[in-house]
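Enquirer: Have a look; sequence and predicted model below, questions after that.
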Amino acid sequence: VIVIHQPDQLRTFLNEARSERQRVGLVPTLGALHGGHRSLIRRAVTECDVVAVTIFVNPLQFGPAEDFQSYPRDLSADTAQADEAGAHVVLAPPVEAMFPEEPLTRVSVRGLTEPLEGWRRPGHFDGVATIVTKLFAIAGPCCAYFGEKDYQQLLLVRRVVSDLSLPVVVVACPTVREPDGLALSSRNAYMNAEERAAAPVLYWSLLAGKRAIEEHGVTNPGDVRAAMLEAASHEKRLQLDYAEVADPEDLTVPNVVSGEVRLLVAGRIGRTRLIDNVAATPPDMGG
Ligand code: PAF
């Protein structure tokens with residue numbers, strides 16, 4: 001894999017690829033690559049001719065009390081993983097290359113970004129929307145691959161692309177899980193062994209909500225939440241932040257579960273904040 005550090009080098013590289021009619025795939029990341037990222041890259045490799053991975057710990061999306069300074073940075077390990085998964089080029093720019101001066105512009109998506117992670121992480125989604133728009137501007141027309149694990153982010157990216165007519169096809173990829181159900185995340189590495197053993201409770205909570213809808217025919221979102229909260233309460237190490245039932249397109253809470261919904265949870269185990277989500281579809285009520 002070719003490793004470059006200047007955004008303009010990526011622009012030139014991908015422009016050349018497109019001039020040879022190659023399809024471009026883009027996998028934006030914060031680095032600390034794991035199996036989830038590798039699955040995004042592999043998917044991109046199957047659908048595109050040239051795949052670029054960006055590794056940039058984006059200061060705009062971290063709050064003042066968050067882990068920007070301590071976020072794991074290991075370019076050689078990341079490059080090895082990108083290479084193994086089949087990426088062709090890695091852009092790993094220093095902050096000064098991305099932001100030679102303090103950026104005054106923000107891309108901000110209303111509505112979608114207000115619930116769930118939105119009000120708990122003020123400024124986070126503006127930071128994500130801004131950097132993703134910038135990476136799309138650098139990369140040019142492409143297919144861009146995002147994991148469903150960050151579901152609210154995925155919806156936000158789709159909305160930025162459609163609202164701003166960006167020449168990007170957003171491809172959503174399923175969450176990759178450990179054998180015990182824990183969704184892969186760079187932040188999993190923050191946990192000690194005991195915390196790690198407790199962490200799958202978030203997934204169990206989602207599965208309890210999914211079972212309530214799909215197997216027990218529960219249609220009241222409050223009752224679905226109660227099932228999720230009950231499952232979450234079995235693990236004392238979890239400080240649950242939220243467990244919600246939401247419309248899969250706009251994240252509003254439905255009055256009744258009558259079609260596919262998204263179940264989303266967030267919580268802290270020790271000092272590690274984790275999020276996860278699954279889809280749930282009620283059984284056909286037509287009879
Ligand atoms: O999901 C991530 O890793 C980041 O939020 C993204 C999309 C790369 C933007 O910095």
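Expert: Cool, got the structure.
Enquirer: Average pLDDT for the helix ranked longest in the chain, rounded please.
Expert: Scanning the chain for the longest helix, with DSSP state H as the assignment, gives helix 124-139. Helix 124-139 comes out with an average pLDDT of 98.
Enquirer: Can you give the contact residues for it?
Expert: Contacts to helix 124-139, defined as C-beta atoms under 8 Å, 6 or more residues apart in numbering, come from residues 7-8, 10-11, 14, 24, 26, 28, 52, 54, 56, 58-63, 91, 98, 103, 105-109, 113, 117-118, 142, 144, 152-153, 156-157, 160-161, 164, 166-168. Heads up, the C-betas are built off the backbone N, CA and C, glycines and all.
Enquirer: what about burial for those residues, which qualify?
Expert: Among the contacts of helix 124-139, those scoring as buried are 7, 10, 14, 24, 26, 28, 52, 54, 56, 58, 60-62, 91, 98, 107, 109, 113, 117-118, 142, 144, 152-153, 156-157, 160-161, 166, 168 (criterion: 16 or more other C-beta atoms under 10 Å).
Enquirer: The ligand next: which of these are close?
Expert: Residues of the buried ones among the contacts of helix 124-139 in contact with the ligand (C-beta under 6 Å from any ligand atom): P28, N58, Q61, Q153.
Enquirer: Show me the helices in the stretch 151-287 of the chain, by range?
Expert: Shown for the stretch 151-287 of the chain, the helices assigned by DSSP state H, counting those that start in this stretch span residues 151-163, 193-198, 201-214, 221-232.
Enquirer: SS state for S39?
Expert: In the three-state summary, S39 is assigned as helix, counting by DSSP: H, G, I helix; E, B strand; the rest coil.
Enquirer: Next up, the contacts around the closest residue to it other than its chain neighbours.
Expert: Of all residues not flanking S39 in the chain, V176 sits nearest, at 5.1 Å (C-beta to C-beta, 6 or more residues apart in numbering). Contact partners of V176, counting by C-beta under 8 Å, 6+ apart, are G35, G36, S39, G147, K149, A183, L184.
Enquirer: cutoff 10 Å now
Expert: Residues near V176 by C-beta atoms under 10 Å, 6 or more residues apart in numbering: 34-40, 147-149, 183-185.
Enquirer: what's around D241, how many residues?
Expert: Look at D241: counted by other C-beta atoms under 10 Å, it has 15 neighbours.
Enquirer: Contact partners for P248?
Expert: Counting by C-beta under 10 Å, 6+ apart, P248 makes contact with Y151, L155, P254, G259, E260, V261, R262, L263, N277, A279, A280, T281.
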